[in-house]
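Participant: based on what follows, work out the 3D shape:
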Amino acid sequence: MLLSIPVNVMWISKIKYEHQVLKKHTHDFYHMFYIKKGKGIMHIDENDYDICENEIYLCPPGTYHGMTAQEDIPVSVIEIKFTISHEDLQKLIFNMQKRIKCNTYDFYLKLEELLKEAFYKSSLYKEIIDTGFTKLLLELARSAKNENHSYSAVVNGIFKNNSMETIKDGAGSSAVLKNVLEYINNNYSEDITLKQLAEVGAVSPGHLNKIFKEAFNMSPMKFINNFRLDKAKELMMYSDFNISQISELVGFSSIHYFSRFFKKKENMTPNEYRENVKDNIYIYL
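Facilitator: Presented below is the predicted three-dimensional model:
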């Protein structure tokens with residue numbers, strides 16, 4: 001499937017810089033740094049910035065940039081390298097500030113979602129990453145209130161006659177499934193029964209089982225456990241919670257059941273998984 005998406009994400013990573021200097025360099029694509037935590041200096045052209053958490057540094061093509069991590073406090077970042085094919089969006093992003101302070105942690109959480117897509121490479125993952133990151137760039141442009149270009153005009157130009165609306169979720173257009181999936185997403189950490197889900201969808205438990213198996217080839221309860229497992233893997237990658245805490249946070253009834261279920265699905269223990277994914281992840285798309 002060929003989709004016309006204005007941003008091409010080439011590379012996404014989660015990196016911890018310890019006692020390191022990223023020498024100043026330049027290239028012909030954009031390089032974005034999201035600072036999760038840490039202290040250091042970001043070098044962009046002739047400017048040096050004191051790094052603070054929840055900041056974005058945007059380095060357009062041709063911009064010399066580098067970083068020096070403070071020795072006693074490692075710098076944890078999510079980095080994205082990308083190109084832009086849409087001329088108006090290219091101008092808008094190129095002229096934005098090089099240092100952007102995020103007012104909330106929403107941007108970080110959305111980057112995590114993109115990193116998860118890249119890590120698992122499910123169906124249409126590349127299109128979802130490119131589309132999602134395009135939306136993040138537009139949100140940055142809006143929050144920056146860039147006066148040099150019309151934000152609305154750029155948005156209309158990008159999405160006019162675009163085929164991105166052809167990307168659909170696995171549940172299709174079923175209102176029942178959408179309501180149930182939304183309920184699962186908002187309540188997966190709690191105890192959920194098939195009867196509760198059927199009431200949310202306003203159908204019988206038997207009918208809910210039927211449409212779930214048609215859409216996902218599994219029962220609602222199996223879907224919930226798989227959903228919880230994915231959330232647990234996210235927390236193992238990005239949080240400092242221990243395995244027992246993660247098991248409770250995502251809604252498993254006990255650490256023992258969680259460990260058995262995890263080992264069966266992933267062919268490794270939760271601790272082994274965390275050891276494999278900790279600190280640094282580099283993914284080329």
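Participant: all helices for the stretch 101-250 of the chain, in order.
Facilitator: Taking DSSP state H, counting those that start in this stretch, the helices of the stretch 101-250 of the chain run over residues 106-120, 125-144, 151-159, 175-187, 194-201, 205-216, 220-238, 243-249.
Participant: return the alpha-carbon coordinates of the second one using PDB.
Facilitator: This means helix 125-144. The C-alpha trace of helix 125-144 is given here as PDB (Å, rounded to 0.1, in the frame of the first residue of the first chain):
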ATOM      1  CA  TYR A 125       3.800   0.300  11.300                       C
ATOM      2  CA  LYS A 126       5.800   2.600   8.900                       C
ATOM      3  CA  GLU A 127       2.700   4.500   7.700                       C
ATOM      4  CA  ILE A 128       1.500   4.800  11.300                       C
ATOM      5  CA  ILE A 129       4.900   6.200  12.500                       C
ATOM      6  CA  ASP A 130       5.200   8.700   9.600                       C
ATOM      7  CA  THR A 131       1.600   9.800  10.100                       C
ATOM      8  CA  GLY A 132       1.900  10.100  13.900                       C
ATOM      9  CA  PHE A 133       5.100  12.000  13.700                       C
ATOM     10  CA  THR A 134       3.700  14.400  11.100                       C
ATOM     11  CA  LYS A 135       0.900  15.100  13.500                       C
ATOM     12  CA  LEU A 136       3.500  15.800  16.300                       C
ATOM     13  CA  LEU A 137       5.400  18.200  14.100                       C
ATOM     14  CA  LEU A 138       2.200  20.100  13.300                       C
ATOM     15  CA  GLU A 139       1.300  20.200  17.100                       C
ATOM     16  CA  LEU A 140       4.800  21.700  17.700                       C
ATOM     17  CA  ALA A 141       4.300  24.300  15.000                       C
ATOM     18  CA  ARG A 142       1.000  25.200  16.500                       C
ATOM     19  CA  SER A 143       2.300  25.500  20.000                       C
ATOM     20  CA  ALA A 144       5.300  27.600  18.800                       C
END
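Participant: for residue 18, which non-adjacent residue is closest in space?
Facilitator: residue 74 (4.2 Å; CB to CB, 6 or more residues apart in numbering). The C-beta positions use only the backbone N, C-alpha and C, and glycine is treated the same way.
Participant: pretty sure that neighbour is touching residue 36, no?
Facilitator: No: Residue 74 is beyond contact range of residue 36, at 10.4 Å (criterion: CB atoms under 8 Å).
Participant: how many other residues sit next to residue 42?
Facilitator: Residue 42 has 24 neighbours, counted by other CB atoms under 10 Å.
Participant: how would you label it: helix, strand or coil?
Facilitator: State at residue 42, reduced to three classes by DSSP: H, G, I helix; E, B strand; the rest coil: strand.
Participant: kindly report the same for residue 100.
Facilitator: Look at residue 100: counting by three-state DSSP, its state is strand.
Participant: which residue ranges of the stretch 1-150 of the chain form strands?
Facilitator: Under the criterion DSSP state E, counting those that start in this stretch, the stretch 1-150 of the chain contains strands at 7-17, 21-25, 30-37, 40-44, 47-50, 55-59, 65-69, 75-84, 99-101.
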